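Chemist: Give me coordinates for this.
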Amino acid sequence: MSNITNKKTDQQRIAKLIARSGAYSRRDAEKLINEGKVEVDGQILSTPATLVGGSERIMIDGKKINTNFQTKIWLLNKPKGYISSSKDPQGRKTIFNLLPKNINHLMSIGRLDINTEGLLLFTNDGDLSRFMEHPDNKIIRKYKIKVRGKVANDLIKNMQKNLLIGRVQYNIISVNIISYSQSNTWLSIEISEGKNREIRKICEHFRLQINRLIRTDFGPFELNNIQKGEFIELPKTVVIGRLKKIGYLG
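Modeler: Numbering: from 1, shown residues only. From the prediction side, this is the model:
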């Protein structure tokens, strides 16, 4: 099908619109279109190059995809002791236990391990989630970390070099000392790739014992004064302005 048109100026390829809905990735959406499994307003698509405006009725394998929405973002101050999954076979508490029951189709942007606290982002936009998580986009994550003992300046310098740990390349953007005593040191750390347990693995490599690990920023979004366990939705104007800062135009 190639005759679907829309006079709106915000037309986009249908695979992108499907990806934003969170139903499928762009690549999977394109595959489904090529397999003849996607309909728009009752017509089977023949090309993923089709442009749509968002008001069309889109069906995949007979199931309607909700694409008539605006990108929304919620912030959660994740407490320690919650896992970043919707379900857990071990019966542990999940971050979704902290969210209101009346909000559907939310996906988290990235994860925090069970012992890490702080900022978690949620969205209804699957394309945005993938954009912010993708290492090529270099979205900065900032953390505060409390480690045991007084950390030497030489160690701080070594942490900011390219590191090869277990055949995996790590690169911390910056490390700074916030405060210290003989028993503990608070550090601020910035990373851009978000590899699995990245900061914990680097600290283990340098034999630093972590007492607390708190994410304070993810891209242009900040934890600020959100209380532990608190979940808030950002206003539309704030979302638009901050997404422009990272080059995400929706």
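
Chemist: Not counting its neighbours along the chain, what's nearest the spatially most central residue of the chain?
Modeler: Note on the chain: the residue nearest the mean C-alpha position is residue 109, at 2.1 Å, using Cα atoms, centre = their mean. Computed as Cβ to Cβ, 6 or more residues apart in numbering, the closest residue to residue 109 that is not its neighbour in sequence is residue 121, at 4.0 Å. Every C-beta, even on glycine, is put in place using the N, C-alpha and C of the backbone.

Chemist: That neighbour: how many residues sit nearby?
Modeler: 20 (other Cβ atoms under 10 Å).

Chemist: does it sit in a helix or strand, and which one?
Modeler: Following DSSP states H and E, the helix or strand that holds residue 121 is strand 117-123.

Chemist: and that strand, what other elements does it pack with?
Modeler: strand 73-78, strand 107-109, strand 210-218, strand 221-222 (3 or more Cβ pairs under 8 Å, 6 or more residues apart in numbering; DSSP states H and E).

Chemist: pLDDT score assigned to the closest residue to residue 193 other than its chain neighbours?
Modeler: Excluding its sequence neighbours, the residue lying closest to residue 193 (Cβ to Cβ, 6+ apart) is residue 135, at 4.3 Å. If you check residue 135, the pLDDT there is 89.

Chemist: Tell me which residues touch residue 135, please.
Modeler: With contact taken as Cβ atoms under 8 Å, 6 or more residues apart in numbering, residue 135 is in contact with 192, 193, 194, 195.

Chemist: so can I have a markdown table of those residues showing distance to residue 234, secondary structure and neighbour count?
Modeler: Below are those laid out as a markdown table (distance: Cβ to Cβ, whole Å; DSSP: H, G, I helix; E, B strand; the rest coil; neighbours: other Cβ atoms under 10 Å):
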| residue | distance to residue 234 | secondary structure | neighbour count |
| --- | --- | --- | --- |
| 192 | 22 | coil | 14 |
| 193 | 25 | coil | 18 |
| 194 | 21 | coil | 19 |
| 195 | 27 | coil | 14 |
